[in-house]
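*Asks:* Sequence and predicted structure are below.
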Amino acid sequence: MTEDNDQKMPGAGRVSAVELSSLPQMVRTYPRGAIESFSVQDAEQNIIVPPLIYQPTKEFVNVPRESRGIMLAAARPASGRTYWIVEYMQTLGYGDSTSVFPNDEKRQAFVEMMKTHGSGMKTIEYHAHTTSAGSNWFDKFSGGDLYTIVGMLNSDPSYVHALFTPTNVLTIATKETSFKLARDSGNSGQVVLEKFKQWQEVFKSFLPQEGFSEV
């Protein structure tokens, strides 16, 4: 790799650009059985998803249309590792196995929401490979996925992407990133639901009041 292909990041010195060919080595695959039995080991970075938010990911992979969106998480650094506790999950668009594009109004609403309410929060983009894509896509990203993701990583080295399939959850990032299910305790489910609803109301407040149609 030549110096011309390096990126200059503010305050970070010289950072090597991510090459498309290196992305397969960044992928981590977590079988849903391992996630649901709480047997996924900690990694350098860990996405922690409450059961109430995780359950829909098992359902939207069993419909014909594929989806993409964003998870919103609060960071919890601890003992040299980072834990991102997911508080909200918003679908931004639907499509088929060849292309899934975000709805412009939803995407812009999320951008504006993060400008005013996103301090201290982490966004994790995701998309789905559903049963309609065929089982050969249940454990891997497509070439088109990787082409888009490498561009995102070169714009933001901290970018993280998750892929939901009927049998697995995959993550891709420059650092090893796990996907783990949070353990319920006491009234944690109610707390999660209330926080989710709060974010949902905030998100809705940034959508156009008239003329908005679901996709």
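*Replies:* Looks like it came in fine. Numbering: from 1, shown residues only.
*Asks:* Tell me which residues are up against the longest helix seen in the chain.
*Replies:* Longest helix in the chain by number of residues (criterion: DSSP state H): helix 188-205. If you take C-beta atoms under 8 Å, 6 or more residues apart in numbering as the criterion, helix 188-205 is touched by 50-53, 72, 87-90, 109-110, 113, 117, 182. In short, each C-beta sits where N, CA and C put it, glycine included.
*Asks:* Could you rerun that using 6 Å?
*Replies:* 50, 52, 87-88, 113, 117 (C-beta atoms under 6 Å, 6 or more residues apart in numbering).
*Asks:* Highest neighbour count among those?
*Replies:* Neighbour counts for the contacts of helix 188-205, by other C-beta atoms under 10 Å, peak at Tyr88, which reaches 23 neighbours.
*Asks:* beta partners for His127?
*Replies:* Residues in a beta bridge with His127, per DSSP bridges, are Arg68, Leu163.
*Asks:* wait, it sits on Arg68?
*Replies:* Yes: shown here, His127 and Arg68 form a contact pair, counting by C-beta atoms under 6 Å, at 3.8 Å.
*Asks:* Neighbour count: these two, which is higher?
*Replies:* Taking other C-beta under 10 Å, His127 and Arg68 do not tie; His127 has more neighbours (23 against 18).
*Asks:* For that one, give its distance to Val169.
*Replies:* Applying C-beta to C-beta, to the nearest Å, the value for His127 to Val169 is 12 Å.
*Asks:* same deal with Ala109?
*Replies:* Noted for Ala109: a distance of 26 Å to Val169, by C-beta to C-beta.
*Asks:* more crowded one of those two?
*Replies:* Neighbours were counted for Ala109 and for Val169 using other C-beta under 10 Å; Val169 has more, 27 against 21.
*Asks:* Now do the strands in the chain.
*Replies:* For the chain, the strands defined by DSSP state E cover 7-8, 14-15, 27-31, 45-49, 66-78, 81-96, 99-100, 121-128, 161-164, 168-172, 177-181.
*Asks:* Which strands or helices does the longest one pack on?
*Replies:* Contacting strand 81-96 under the criterion 3 or more C-beta pairs under 6 Å, 6 or more residues apart in numbering; DSSP states H and E are the following elements: strand 45-49, strand 66-78, helix 188-205.
*Asks:* from these, which stretch is densest packed?
*Replies:* strand 45-49 (a mean of 22; mean count of other C-beta atoms under 10 Å).
*Asks:* mean confidence for that strand?
*Replies:* Looking at strand 45-49 alone, the average pLDDT works out to 96.
*Asks:* Pairing partners for that strand, with directions?
*Replies:* Partners of strand 45-49 in its sheet, by DSSP bridges: strand 81-96 (parallel), strand 177-181 (parallel).
*Asks:* Please save the CA atoms from the longest one in PDB.
*Replies:* Output of strand 81-96 as PDB, limited to C-alpha atoms (Å, rounded to 0.1, in the frame of the first residue of the first chain):
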ATOM      1  CA  ARG A  81     -13.000  -3.400  26.800                       C
ATOM      2  CA  THR A  82     -16.100  -1.500  25.400                       C
ATOM      3  CA  TYR A  83     -19.600  -2.500  26.000                       C
ATOM      4  CA  TRP A  84     -22.300  -0.900  23.800                       C
ATOM      5  CA  ILE A  85     -25.700  -1.400  25.400                       C
ATOM      6  CA  VAL A  86     -28.400  -1.100  22.700                       C
ATOM      7  CA  GLU A  87     -31.300   1.100  23.700                       C
ATOM      8  CA  TYR A  88     -33.100   1.600  20.400                       C
ATOM      9  CA  MET A  89     -33.300   0.000  17.000                       C
ATOM     10  CA  GLN A  90     -34.900   1.700  14.000                       C
ATOM     11  CA  THR A  91     -35.500   0.300  10.500                       C
ATOM     12  CA  LEU A  92     -34.700   2.900   7.800                       C
ATOM     13  CA  GLY A  93     -35.600   1.000   4.700                       C
ATOM     14  CA  TYR A  94     -36.700  -2.200   3.000                       C
ATOM     15  CA  GLY A  95     -35.800  -3.900  -0.200                       C
ATOM     16  CA  ASP A  96     -35.000  -7.300  -1.800                       C
END
